[in-house]
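J.: Just to be clear, the model below is a prediction. Sequence and coordinates:
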Amino acid sequence: MADPLDLVHLRTLVAIAETGGFRRAADALHLSQPTVSQHVRLLEKRFKQNLVVKDGRGSRFTDAGAKLVHEARLLLTAHEEMLGRLQVCEPSQITVGSTEHAADRILPDMLRAIRAAYDDVQLQFRIDRSTSLSDAVAKGTLDLAVVLGGTSDSAGAEVGRLDLRWVASSTWPGADTSRRIPIVAFEEPCGLRSRAVRKLADLGYEVLVAAESTSLDGVLAATRAGLGVALLPFSGGVPDGLVELDSLPPMGSIDIRIVARRGLSFDLEKVAVDAVAAHFAEVAARRRAVVRAATVPPAPVPTVA
């Protein structure tokens, strides 16, 4: 028996055909462009032939690719129709998880969208670390979760990004002359912790984990107490009692992702993904407006002859 095809990869191929390109397909599916390209490469490996080739500055489907797009549409339609026939009723309960970094600003928008689409559904919540939430989704004990990404193999759909900032207590004296620097971090495993340690080590610092915690509140409390610096993602301002450190190098941003359990309704997942993506789009629009306002010169004061 031949190996089964991955419906996600086929959906990506159809999206490329319907949107007219890899980038547009990535935007429509809330995926990164490298992920879209990888899906196509895996299909080409499976069929042992090219499906999409370069054509000038763009790309086009080969005959085999066009044929597969046609068959994929038929298969995906049949798949959705089958799910519709087997779907007895709407879910009576939806379990949603969120990392602490996203709970206060991002989660409310997603929950409002879910309640609007599924008004009779009971919602249950879980606030936890990204690794624990991802494991729970994989095991099927959570329906959806908002988690931090940060790795090339992160699961789920990217819906936005959070700025990473070095923060410390306002009374923190700074790194000592011996190039030793204490940090406050989450307990392992933690991608942010690894990222911070690696960057500081590359700069020649001897890194000491002065305090660690399983919760964001614990990390913030230890940082406010002046035990060390912390690398944390923020969607708004720096919390009270902390200051951003300009003396340490910029760390860019980290992706926020939505992971869904296998077999979850595509419509439900789309409601969550669209809501959070819209939140980040609104945040980005507000930032652009602030930048424009700051760069527009004031109107000249009229003079009286």
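T.: Perfect, I can see it now. Numbering: from 1, shown residues only.

J.: Which residues are in contact with residue 213?
T.: With CB atoms under 8 Å, 6 or more residues apart in numbering as the criterion, the residues that contact residue 213 are 184, 186-187, 219, 221-222. In short, each C-beta sits where N, CA and C put it, glycine included.

J.: Look up which residues are beta-bridged to it.
T.: Partner residues in beta bridges with residue 213: residue 186, with DSSP bridges as the criterion.

J.: all helices for this structure, in order.
T.: Listed in chain order, the helices found in the chain under DSSP state H are 7-19, 22-29, 33-47, 63-86, 100-103, 107-117, 130-139, 191-202, 216-224, 266-295.

J.: could you say what helices and strands the strand ranked longest in the chain packs with?
T.: Identified as the longest strand of the chain according to DSSP state E is strand 157-169. Contact partners of strand 157-169 among helices and strands, from 3 or more CB pairs under 8 Å, 6 or more residues apart in numbering; DSSP states H and E: helix 216-224, strand 230-234, strand 242-244, strand 253-260, helix 266-295.

J.: Make a markdown table out of these and add mean pLDDT, mean neighbour count and distance to residue 164.
T.: Putting these into a markdown table (pLDDT from 0 to 100; neighbours: other CB atoms under 10 Å; distance: least, CB to CB, whole Å) gives the following:
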| stretch | mean pLDDT | mean neighbour count | distance to residue 164 |
| --- | --- | --- | --- |
| helix 216-224 | 89 | 19 | 14 |
| strand 230-234 | 86 | 22 | 5 |
| strand 242-244 | 87 | 16 | 11 |
| strand 253-260 | 86 | 23 | 6 |
| helix 266-295 | 74 | 14 | 15 |
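
J.: Just give the number of residues close to residue 13.
T.: In terms of burial, residue 13 registers 23 neighbours under the definition other CB atoms under 10 Å.

J.: Please tell me I have it right and it contacts residue 43.
T.: Yes - in this structure, residue 13 is within contact of residue 43 by CB atoms under 8 Å, at 6.3 Å.

J.: and for those two, which residues touch both?
T.: Looking at what touches both residue 13 and residue 43 (by CB under 8 Å, 6+ apart), the common residues are 51, 68.

J.: Which residues are in contact with the residue nearest to residue 59 when sequence neighbours are not counted?
T.: Leaving out its chain neighbours, the residue that sits closest to residue 59 by CB to CB, 6 or more residues apart in numbering is residue 52, at 5.2 Å. Contacts were defined as CB under 8 Å, 6+ apart; by that measure residue 52 touches 16, 40, 44, 59-62, 65.

J.: So in terms of bridging, what pairs with residue 207?
T.: Counting by DSSP bridges, residue 207 is bridged to residue 181.

J.: In contact with the residue nearest the centre of the chain: list those residues for me.
T.: Taking CA atoms, centre = their mean, the centroid of the chain lies closest to residue 256, which sits 2.2 Å from it. For residue 256, the residues meeting the contact criterion (CB under 8 Å, 6+ apart) are 102, 106, 146-149, 158-162, 276, 280.

J.: Report the two of these separated the most.
T.: With CB to CB as the measure, no two of the contacts of residue 256 lie farther apart than 147 and 280, at 14.7 Å.

J.: and residue 249, which of the helices of the chain is closest to it?
T.: Of all the helices of the chain, helix 191-202 sits nearest to residue 249, with 6.8 Å by CB to CB.
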